[in-house]
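Participant: quick one, structure for this:
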Amino acid sequence: MTQPFSFLLSAITLAAAGLMSAAPAQAVGRLVDVDVIDRDSGARLPVYGHKGQWWVEGRPGARYAIAVRNATGARVLGVMSVDGVNVISGETAGWEQTGYVLSPWQSAQITGWRKSDLEVAAFNFTALPNSYAARTGRPDNVGVIGLAVFREKAPEPPPVALAPPADAAREGRSDRLAQPSARTGAAADAQMENRALGSQPAAPRLGTGHGARESAWASHTEFERRTVRPDEIVTIRYDSRANLVAMGVMTAPYRPAPRPAPFPESTDSRYVPDPD
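Facilitator: Now for the predicted structure:
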């Protein structure tokens, strides 16, 4: 399908957001590399695998960005969702919707909900009731980042006219050149998952808020998808450290028990004083 309202991330956007490294160490994905960046600390969040899903730890109150790198030598379209909401249009997310187009090997950081061609509202980790999805009546899919990746359809080659073979011409007939069949490739048949938590969360679940407005310039372009279904779906779930530890995604850091000191203070007193 032709998507006339896809967004092209320009060199200006990349300069403002910062280029990513050529080989991200924590990235998830095959056609694209996807990372989550804590914008307040600049740290690339470690990715934890658990029961077939990828998780990152969100720090309540921190702004974050979704870093995407096109790992192919051709343009790709990425339809991006956060908490089940399209980050560009604000619709409940679906594969057929608008997305960002990345040029070959291009990298970019998506820093918020798109408000116009010039601005976004920053992504930030927040309590579920304060998330944009919950505030717009859609709390069921809070806690997940998704990217549906489409390859671009190759242009049809121009027809080639061939002279008929000499023997066919003598017999008054010609052989027609067979038309090449359209190559659709193998589209990934995965669907975005957002299963219920396996255990009672230890703390309120995290969602993504609708933060302050920021400059983030993008232009429009056309992109014809090679297939109706995505060629790849990248899914990264997130929650607080307390909840990830409770679910077994992360292990709690080891903290040795405090050692009582036999002589916490030196004193000149020779006898036990009365308590207060």
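
Participant: what's the residue lying closest to S103 once chain neighbours are set aside in contact with, if anything?
Facilitator: Counting by CB to CB, 6 or more residues apart in numbering, R75 is the residue found nearest to S103 once chain neighbours are left out, at 5.8 Å. Placement of C-beta: from N, CA and C, glycine included. Listed by CB atoms under 8 Å, 6 or more residues apart in numbering, the contact partners of R75 are 101-104, 152, 223.

Participant: narrow the residues you listed to just the buried residues.
Facilitator: 101-103, 223 (16 or more other CB atoms under 10 Å).

Participant: need these in TSV with pLDDT, distance to A134 and secondary structure, can you?
Facilitator: Listed next are these as TSV, based on pLDDT from 0 to 100; distance: CB to CB, whole Å; DSSP: H, G, I helix; E, B strand; the rest coil:
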residue	pLDDT	distance to A134	secondary structure
V101	95	30	strand
L102	96	30	strand
S103	95	35	coil
F223	93	31	strand
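
Participant: just those residues now: which is nearest Y238?
Facilitator: L102 (22.4 Å; CB to CB).

Participant: let me know the pLDDT of the closest residue to the closest one other than its chain neighbours.
Facilitator: With sequence-adjacent residues excluded and distances taken as CB to CB, 6+ apart, L102 is closest to N70, at 4.0 Å. We note a pLDDT of 96 for N70 in this prediction.

Participant: what are the ranges of the helices in the stretch 51-200 of the chain?
Facilitator: 132-135, 166-170 (DSSP state H, counting those that start in this stretch).

Participant: lowest-confidence stretch among these?
Facilitator: Looking at the helices of the stretch 51-200 of the chain, the bottom one is helix 166-170 with a mean of 50.

Participant: in the helix or strand that comes right after it, what's buried?
Facilitator: Downstream of helix 166-170, the next assigned helix or strand under DSSP states H and E is strand 206-215. Neighbour-count burial for strand 206-215 flags 206-211, 214 (criterion: 16+ other CB under 10 Å).

Participant: now stretch 141-153
Facilitator: Buried residues in stretch 141-153, counting neighbours by 16+ other CB under 10 Å, are found at 141-151, 153.

Participant: how distant is it from the center of its chain?
Facilitator: With CA atoms, centre = their mean, to the nearest Å as the basis, stretch 141-153 stands 7 Å off its chain's centre.

Participant: next: stretch 143-156.
Facilitator: 12 Å.

Participant: span of it from start to end?
Facilitator: With CA to CA, to the nearest Å as the measure, stretch 143-156 spans 41 Å from end to end.

Participant: coming back round to it: lowest pLDDT pick from the buried residues of stretch 141-153?
Facilitator: Comparing the buried residues of stretch 141-153 by pLDDT, K153 comes last, at 93.

Participant: follow-up on the earlier one: nearest to L45, of the contacts of R75?
Facilitator: L102 (20.9 Å).

Participant: wouldn't that closest one be in contact with T72 here?
Facilitator: No: applying CB atoms under 8 Å as the test, L102 and T72 come out as separate, 9.0 Å apart.

Participant: hey, C-alpha coordinates of stretch 77-86 in CSV?
Facilitator: Output in CSV follows, covering the C-alpha atoms of stretch 77-86 (Å, rounded to 0.1, in the frame of the first residue of the first chain):
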residue,chain,number,x,y,z
LEU,A,77,9.3,2.3,7.2
GLY,A,78,8.9,1.9,11.0
VAL,A,79,5.4,2.2,12.4
MET,A,80,6.1,3.0,16.1
SER,A,81,3.8,2.5,19.0
VAL,A,82,4.2,3.3,22.7
ASP,A,83,1.6,1.8,25.2
GLY,A,84,-0.4,0.6,22.2
VAL,A,85,-0.7,4.2,20.8
ASN,A,86,0.8,5.4,17.4
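
Participant: which intervals of the stretch 1-150 of the chain have sub-threshold pLDDT?
Facilitator: Judged by pLDDT under 70, the stretch 1-150 of the chain has its weakly predicted residues at 1-26.

Participant: now do 80
Facilitator: 1-27 (pLDDT under 80).

Participant: mind listing the strands for it?
Facilitator: Taking DSSP state E, counting those that start in this stretch as the test, the strands found in the stretch 1-150 of the chain are 2-9, 32-38, 48-50, 53-57, 64-70, 76-82, 85-86, 100-102, 107-110, 112-114, 119-127, 144-151.
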